[in-house]
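> 3D, please:
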Amino acid sequence: MEKKFKNTTIGLERGDITEMSVDAIVNAANKKLQHGGGVARAIVKKGGHIIQDESNKIGEIEVCQAIITIAGKLKAKYVIHAVGPQMGEGEEDEKLKNATLNSLMLADEYNLKSIAFPAISTGAFGYPKDKCAKIMIQTAIDYSNMGTGIKTIIFTLIDDRTYDIFQKELNSY
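Here you go, the predicted structure:
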């Protein structure tokens, strides 16, 4: 499923983000950039330890920040590591919006044309999937409508339930 907003196509795909053939995939990272579980672990497992090595050189980043590394053996060229909020830490909605926005701005800064996002913070960080879909899709649409060099934004969702939640949200536009 996909919809066009200005010059950008926003789409949904059910699958494994590590298999995406895009300029950058987004890693739902933690502040210490240690890739021990969830999406982060899958990225390093498939892309190689060089991704963790690059992250170690960067060190720690704050919630809602995003940084970029090479993608090792992944099909993508880069990995954008975005730190989303943990439920209960406060201002979670704004932090998720900024993690998404900072990832998109970083993609533009690097002149990337395609980017794939997971449902940031909905795993171990406990963020509700329906709120995640609403915030991430709205942020992507707003960013697209402002004008961007990014041609394709894909939300790559690992299971049917998450896909259905994001599909319902995107269909509302």
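
> Going by C-alpha atoms from here, please, whenever you check contacts or count neighbours.
Fine.

> And residue 76, how far from residue 18?
Counting by C-alpha to C-alpha, to the nearest Å, the gap from residue 76 to residue 18 is 8 Å.

> The lowest-mean-pLDDT helix or strand in the chain: what's the following helix or strand?
Sorting the helices and strands of the chain by mean pLDDT, DSSP states H and E puts helix 38-47 at the bottom, at a mean of 93. On the C-terminal side of helix 38-47, the nearest following helix or strand under DSSP states H and E is helix 50-58.

> Check which helices and strands that following helix sits against.
helix 38-47, strand 66-70 (3 or more C-alpha pairs under 8 Å, 6 or more residues apart in numbering; DSSP states H and E).

> Spit out the residues that contact residue 76 and residue 18 alike.
residue 25 (C-alpha atoms under 8 Å, 6 or more residues apart in numbering).

> more neighbours, these two?
Ranked by neighbour count (other C-alpha atoms under 10 Å), residue 76 and residue 18 place residue 18 first, with 25 against 22.

> can you tell me which residues contact that one?
25, 42-43, 46-47, 74-76.
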